[in-house]
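In: Have a look at this prediction, sequence included:
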Amino acid sequence: MHLRLKVCLVVFISALFLNGGRSAWCQDFDRQRDEMVTKQIQARGIKDVRVIAAMRKVKRHLFMPAYLRPKAYGDHPLPIGEGQTISQPYIVALMTELLELKGNDKVLEIGTGSGYQAAVLAELTDEVYTIEILRPLAERAESLLQDLGYENIRVRYADGFLGWPEQAPFDAIIVTCAPENIPAPLIEQLAEGGRLVIPVGTNWQELKLVKKINGKIAVANIIPVRFVPMVRDKAGQ
Ligand code: SAH
């Protein structure tokens, strides 16, 4: 190999492994995350300053396999294994904003997946409960969230259609997989004044915001979305 090429290679590889290279790498993720928030989230009208701060803080790239990290801050969903996907950053921000979280709300998520959405929720409120029907994803998310120091998230391996009755009622419920109809147990487990954000439908779905006001249910359509389907009854509860 040509000597100059060899020297370049050694310098490049050292830069990757030495501290300087490492921090440059991290800084680039920080820059990409800032840009994601400005260009994809604020530019599209997300205004809640707490949601914006949470999206700026949570390191989305840590929630996906290493080979996909360079794409972590792109304007699209990404695969997270087991045929599942992590939502586009804007959709995570929009659904989170619709939940109108206050610091002491009790929140339930259906569809833990990578654990990213749960981490965003945990930045905004004290108590997060999240249910995943695929055991490998539930286990991986639980251990990652633990490693990242999130002590206010509980992960359960179960069928989220049924909600988490022992912990109900919830001030907010977010569903990140799509059932054909709104599951009755989730409506039941919504507190008075509670908000439920859920994609409903088969191939393409409508993102719906459901509110329980004086015991009555009000449903608003937000935007068309595309989520993986909610599947039933595979978990050994
Ligand atoms: N919120 C996730 C992305 C979710 S992808 C994140 O931030 O990464 C949708 C997830 O819903 C998948 O992991 C899928 O396995 C899960 N899922 C599908 N049906 C479910 C059900 N009935 N109960 C719980 N989880 C379910």
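Out: Looks like it arrived, so ask away. Residues are numbered from 1 along each chain as shown.
In: In contact with the residue most central in space within the chain: list those residues for me.
Out: Nearest residue to the geometric centre of the chain (C-alpha atoms, centre = their mean): residue 117, 1.8 Å. Counting by C-beta atoms under 8 Å, 6 or more residues apart in numbering, residue 117 touches 87, 92, 95-96, 109, 174, 176. In this view, the C-beta of every residue, glycine as well, is placed from N, C-alpha and C.
In: Which ones among these also lie next to the ligand?
Out: 87, 176 (C-beta under 6 Å from any ligand atom).
In: Can you tell me how far residue 79 is from the ligand?
Out: Distance of residue 79 to the ligand, computed by C-beta to the nearest ligand atom, to the nearest Å: 10 Å.
In: Hmm, I typed the wrong one, I wanted residue 192.
Out: For residue 192, the distance to the ligand - C-beta to the nearest ligand atom - is 25 Å.
In: what's the neighbour count on the closest residue to that residue other than its chain neighbours?
Out: Distances taken as C-beta to C-beta, 6 or more residues apart in numbering place residue 212 nearest to residue 192, at 6.0 Å, with adjacent residues excluded. Neighbourhood size, residue 212 [other C-beta atoms under 10 Å]: 18.
In: Please identify the helix or strand for residue 212.
Out: Taking DSSP states H and E as the definition, residue 212 sits inside strand 205-213.
In: who does that strand pair up with?
Out: Partners of strand 205-213 in the sheet, by DSSP bridges, are strand 190-201 (antiparallel), strand 216-225 (antiparallel).
In: Deepest in the core, which of those strands is it.
Out: strand 190-201 (a mean of 20; mean count of other C-beta atoms under 10 Å).
In: What segments of the chain are strands?
Out: Ranges of strands in the chain, per DSSP state E, are 78-81, 84-86, 106-110, 127-132, 153-157, 170-175, 190-201, 205-213, 216-225.
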